[in-house]
Structure formats: structure tokens, C-alpha cells
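Peer 1: Predicted model and sequence follow; I will ask about them next.
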Amino acid sequence: MDAIPYLARSHIIWSRLPTSIKRDGCSRFSKPIMLSLYLPGFLLLWITAFVKPTEAALKGVFAHYMIGTMTADEAATDVREAKALGIDAFALNVQNTVDSWATNSISYIFAAAESQDFKLFFSFDMDAHNQVSYYLDIFKQYHSSSAYYQHNNLPFLSTFWGATLTFGSSTPNQGWQTQLRDALSNEGISVYFVPAFSNAPNGPTDFFSTYPVVDGRRNVNVSSTVDMQYHTGAINADKTFMMGISPLQFKHIDGGQNWYRKGELSKTLTIHCLATQPRNGQILNLKPDFIEIITWNDGGESHNIGNVWPEGIANTPIPGYTDGYDHTGWQTLILPLVKAFKAGTTDLTTLTPATGSPLLTSASSQGSQNAENVVSVVLFMASVGNAVTVYSGNNQIAVYQAQKGLNTFAVPGLVAGHVSVDVWNSTGGLITFAASTIDVAADTSGICNFNYQVVKVSSA
């Protein structure tokens, strides 16, 4: 048991939702490409100008982080890279609190956060253990750490799942009151409790009156309508709301964990989620109290934006669909999102790199039963007059004129083969370009892979 890495046992964030798709076979385009094209180094300059407010006033930006086997150096790297993006804390999904691989990794990530002035908080995985008492000792061990995230001077605490658990009480609310709040209060500890009760029977309807035990609601069910309902309910109840954002979900482990949820139905992690169509600028306009990136490191579900360390996925099927699919290119797109969210910005024309150079993202959709065979392009431009050319299967499928600021295009015509995007200036000169290194395939004889690739642009 001591050697089991985290992703062999990882939860499925959306596997229980009605819109999830469970699938065992391949559909037409079985090796999709997602290109995140950017000029290295441009946006990192933004973070140096931040003045950190108090955590109580902070519009917090978090990233979901799976606790799994790793080294102290790997933990330090994750903390350093997340802090550089303006992420305030990792939400530590913990499923095991007794085996050495888990306790060592928790100690490594806290040591790294303490030394780098970064924050962490626990998210108890109630799908892995259905007794909250299982997690309380690890929380009590670390809640007073200088790295533990606080809101309103209280240690922040979350969960995955748990809405129907009663722990022997008459109602789930009473169970959480008795087994969490009262149990900790007896030891002089109060918490700021924002669970992800995604399995709440009535969803957002009467959520805060059903669960007065909570201080807020964390939503991992990425739905625009549900987000607005929870946000309104939180305001009316004087509670807080945490919105989740994620590019997609794909998991291919066994017959019971073979899932795909397309990005077009979720809050795409690119700045496309800020576009006026079809999302209506929801993250910037809705102004939730917190946002959570799903995830930093869950490569097993294909929505990671950070490192997936090999120890955590060893002896699982996961490397078969993650090797070669680097997602860290997403991180440059997090920068303008973080800055705009914290500043309360709603003007999309201001979302440009600090140097005035363009940032381009192109993504070809996954070809599942529910996916659209399109290339989605998200482009930041510092000026007008530039053209975007999109190619699929070595054929030009679209040309667009870019405007200043944020541009989004959904380009039909994705086919098997190579995917590339060029950006041209007003005089016909090539500014930058990028191309897939893994082609979209019409079929496969191996793993049915709906993961995607993130690559950097090359300067012309």
C-alpha cells in the first residue's frame, strides 16, 4: 500500500454528473491536438508589479492539487511555478493521511510553501474516505503553519464530495456541524468552510439554507447556469462562492474510469472563458469571490496545467495517454486571467501582454460523440491590422482579421493531419507561427487518446 501513487486512485471530478460521457471506444478523431502558442517570457513580467493585499480582501486564485508521490525538489518546483503565475494557494486534495508516500509529500509541499511565502489548504476527498474524522489529525497538524491559507483570519477548508454524508446524525448539515465544526471547536479551532458539495441532491436550489454549516460553496460542476445560481445564492446568504475553471476532462484507466467531457461544455481554461461569446465574460463579469483552476497536476484526468511527476503515475495506465502531452503552456494564459480577475477588469481590450507582443492560443477540439470538430483560437493583440491563418490537414481552413485585445475564433473544418496557425502583420510579414508535433489521427490501434498537446510558438 505504501508505494501506491496518487493517480492510481484519483477521483473523477465530473464522473458523476449527468452531462459526463462514459465511453469505451474511439470516435473519428482519436488523437486530437491542442496548441497553446505563446512567446516565452513575455507575461512573467506582470507578476513582479503585484502588491499583495490582505488575504481577507483578496480575490483568491487557487489551483487544485493532487497529493501524490513526489520529491521535496518537485514540490518546491510546483510552488515556485504557481507563485510566479499569481496563484495564491494550492487546494490539496488529500485521500490518504497514514501511508508514508502521502505524509512525506504533504510535508514536502508545506515545507516548500513555508520557504517561498506560498499558501495551501486542505480539500478532504470524501469520496475516498466517508468519515471526516479520518482527516482531522492531518488538518490539526498543519492548520497553524505559516503556509496555511486563511480567510477572515480563519484556516480555509474544503472538500471533494460529501453533501449526503450524515456521520450518524439526522441530516448532512448536522453531521458536518457535529463531526467537523464542533469537533474542531472543542480543541479551540474554527475554520472557514467552503466545500465542493457537488452531489447536493437539489444542486443550487436552497443550497445555503440546506447547509447553513458552510461559509461558502465551491463549484466543480462547470456550468454557467449553475455558477450564476450558486453565486446569487451566496450573495443572498452572505456567503462566498468559488468558481471552478477547467479545459476538459479525459480519463482512460479502465472500463470503470474511461471518461471524456468536452471543453466546449466547460469553462475553458484559456482566456476564451472571458470572451463575450458564448461565455458572456462570465468569470470577469460574475466576479466570484474565488476561482479554482482544475487542476495543477491531475494528468490522469488530462486537465493539468502544471507538472505531472512520474512517481505519481508510475505503474498505472496514465503515462500511455500523457507522455508527450505537455500542458504547461497553459500557464502563460493564466497570467492575464489572474491579473484581470484580481483587478476587477471587465474590459477585454486590456488583456494584452505587458510588452505589447501578441499571445496566441489555438486548440483543436476532441472528437468524441459530443465534441465539435473545430479549431478554437484565442488571440491577444496589442494593435489592429493583423491576420490569423488557420490550417488543418495542411489545408487553409480560415483567415481572420484580429482586433486589439482579446480575439476568439471557432474554426470549423478540423480534419486528420497537421494543425498550424500563422499570424501576419498588416504589411504581409509573418509575426509568429506554431504547429502541432502530434497529428490528429483518423483512427488508432492503441490507446483511444483524447488528451491534447500544448506547444510554444516560434518567432518568424
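Peer 2: That came through, no problem. Residues are numbered from 1 along each chain as shown.
Peer 1: host element of residue 401?
Peer 2: strand 395-402 (DSSP states H and E).
Peer 1: Now the helix or strand following that strand: buried residues?
Peer 2: Per DSSP H and E, strand 395-402 leads on to strand 405-412 as the next helix or strand towards the C-terminus. Buried residues in strand 405-412, defined by neighbour count with 16 or more other Cβ atoms under 10 Å: 405-411. All C-beta spots, glycine's among them, are computed from the backbone N, C-alpha and C.
Peer 1: by how many degrees do strand 405-412 and strand 395-402 diverge?
Peer 2: 150 degrees (axes from the mean of the first three to the mean of the last three Cα atoms, to 10 degrees).
Peer 1: Quickly list what residue 402 is bridged to.
Peer 2: residue 386 (DSSP bridges).
Peer 1: that older thread, what packs against the strand holding residue 401?
Peer 2: strand 374-381, strand 386-392, strand 405-412 (3 or more Cβ pairs under 8 Å, 6 or more residues apart in numbering; DSSP states H and E).
Peer 1: which regions of the stretch 351-460 of the chain sit below the pLDDT cut-off?
Peer 2: 351-372, 376, 443-448, 453-458 (pLDDT under 70).
Peer 1: can you rerun that using 50?
Peer 2: 354-368 (pLDDT under 50).
Peer 1: coming back round to it: widest-spaced pair of the buried residues of strand 405-412?
Peer 2: Between any two of the buried residues of strand 405-412, the greatest separation by Cβ to Cβ is 19.4 Å, found for 405 and 411.
Peer 1: Neighbours of residue 385, how many?
Peer 2: 13 (other Cβ atoms under 10 Å).
Peer 1: Find the nearest non-adjacent residue to it, please.
Peer 2: With sequence-adjacent residues excluded and distances taken as Cβ to Cβ, 6 or more residues apart in numbering, residue 385 is closest to residue 426, at 3.6 Å.
Peer 1: check which helix or strand covers that neighbour.
Peer 2: Using DSSP H and E, residue 426 falls outside every helix and strand.
Peer 1: got the phi/psi numbers for it?
Peer 2: phi -70, psi -20 (degrees, to the nearest 10).
Peer 1: how far away is it from residue 402?
Peer 2: Residue 426 is 10 Å from residue 402, where distance means Cβ to Cβ, to the nearest Å.
Peer 1: Next, show the common contact partners of those two.
Peer 2: residue 386 (Cβ atoms under 8 Å, 6 or more residues apart in numbering).
Peer 1: And these two? Which one has more around it.
Peer 2: Taking other Cβ under 10 Å, residue 426 and residue 402 do not tie; residue 402 has more neighbours (22 against 11).
Peer 1: if you skip the residues just before and after it, what's nearest to the one residue sitting closest to the centre of the chain?
Peer 2: The centroid of the chain falls nearest to residue 294 when counting by Cα atoms, centre = their mean (2.2 Å). Sequence neighbours aside, residue 246 is the residue nearest to residue 294 in space, at 3.9 Å (criterion: Cβ to Cβ, 6+ apart).
Peer 1: Tell me how far that neighbour lies from residue 416.
Peer 2: 26 Å.
Peer 1: more neighbours, the two?
Peer 2: Taking neighbours as other Cβ under 10 Å, residue 246 and residue 416 compare with residue 246 leading, 27 against 16.
Peer 1: which residues of the stretch 251-400 of the chain fall in helices?
Peer 2: Assigned helices in the stretch 251-400 of the chain, in chain order: 282-286, 310-313, 319-322, 331-343 (criterion: DSSP state H, counting those that start in this stretch).
Peer 1: other SSEs contacting the second one?
Peer 2: In terms of contact count using 3+ Cβ pairs under 8 Å, 6+ apart, helix 310-313 is assigned the packing partners helix 319-322.
Peer 1: for this structure, which spans come out with low pLDDT?
Peer 2: 1-57, 264-281, 354-368.
Peer 1: That concludes my questions; thank you for your assistance.
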